[in-house]
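> Prediction below, plus the sequence it came from.
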Amino acid sequence: MLDAGTGKLTWHTRIGDPREGINGAPGEAYLDIHGDLLHVGWDAYLAVHRMSDGAQLSKNKLKHDGYSCAIVSMTGRHLAAQCLGPDLPDLSVAAVSPEGRLVNVKDHSKATAGLSILSGRFVSTSPPVLWVTDNEAKPASAEYLVLDADFAVKHRIPGTAADLAMDALGPANSVGGIRQHRVLVVGQTLVTVTVPYFGRVNKVVAYDLVTGQRRWESQPRTLAW
């Protein structure tokens, strides 16, 4: 942890162990700060550290019917995890207590989410909106799942991964073959802005989160230099 005023290191701590990661390599880590508590999620683990000195207060392994789960998104005390095993749901969504416990767990399968989920990411927590994709489909299928307070699906906004501002897998605004994207939620409106590969048209699309319907779309004109 760095002191923003002085730029000096105040404390550091080890997070995870290579032996705990998938195939021996820990995956992407997710950080969430709540007062004096730091939530750290990676692979199948969720730990809580004290912000004042970095002391680890708890560490839990996520499991579903005995099978390990991998965290795919965590923000604003909301968590989405993927659990691999026979007859398990494609994705599980839950709230995270300050102590790092999962509460109000909701499972989603193809029957409820609309597609076989291979990746998920929260783009908003108020209201909860989860972006999911099945990149085995051609073209890749994607949806925004607008969730209620119990994480049940209220509306589904379907389309291709290209339509819904994200392409295949990868974190937001990444480069190296993964298209950049921007997602903004204002009130009950979700706005996506695509930044495509060279030679393709970018666009801005707004969706009504109350009805799940598209409100409008705009394609900015190309500027001549």
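Structure received. Numbering: from 1, shown residues only.
> In terms of helices and strands, where is T211?
Secondary structure assignment for T211, by DSSP states H and E: no helix or strand.
> Test my guess that it contacts H155.
Yes - between T211 and H155 there is a contact under Cβ atoms under 8 Å: 6.9 Å. To be clear about C-beta, it is placed using only N, CA and C from the backbone, and glycine gets the same treatment.
> ranges for the helices of the protein?
If DSSP state H is used as the criterion, the helices of the chain fall at 110-113.
> Quick one: low-confidence residue ranges for it.
Residues of the chain meeting the criterion pLDDT under 70: 18-27, 110-118, 134-140, 159-181, 194-201, 220-225.
> mind redoing it with 50?
165-180, 223 (pLDDT under 50).
> Give me the most central residue, it.
In the chain, the residue lying closest to the centroid (Cα atoms, centre = their mean) is R121, at 2.1 Å.
> Grab the nearest non-local neighbour of that residue.
S73 (4.5 Å; Cβ to Cβ, 6 or more residues apart in numbering).
> was I right about the one you found contacting V123?
No - S73 is beyond contact range of V123, at 9.1 Å (criterion: Cβ under 8 Å).
> Can you check which residues contact both of the two?
Taking Cβ atoms under 8 Å, 6 or more residues apart in numbering as the contact rule, S73 and V123 both touch L130.
> quick one: contacts for the residue nearest to R121?
Contact analysis of S73 by Cβ under 8 Å, 6+ apart lists Y30, L79, A80, G120, R121, F122, L130.
> again, but for I71
I71 sits next to Y30, G41, W42, D43, A44, Y45, L46, L62, L79, A80, A81 when contact means Cβ under 8 Å, 6+ apart.
> Equivalent analysis for Y144, please.
Applying Cβ under 8 Å, 6+ apart, we find Y144 in contact with V123, V129, L130, W131, R156, I157, L164, L190, Y207.
> The fifth one and L145 touch, don't they?
Pointing back at R156 there. Yes - shown here, R156 and L145 form a contact pair, counting by Cβ under 8 Å, at 6.0 Å.
> Which one's more surrounded, those two?
Using other Cβ atoms under 10 Å as the criterion, R156 and L145 rank with L145 on top: 27 against 15.
> circling back to that earlier point, please tabulate the contacts of I71 in CSV and include distance to P98 and neighbour count as additional columns.
Output for those, formatted as CSV (distance: Cβ to Cβ, whole Å; neighbours: other Cβ atoms under 10 Å):
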residue, distance to P98, neighbour count
Y30, 16, 16
G41, 14, 26
W42, 19, 20
D43, 22, 21
A44, 21, 20
Y45, 17, 22
L46, 12, 26
L62, 17, 20
L79, 13, 25
A80, 19, 26
A81, 19, 26
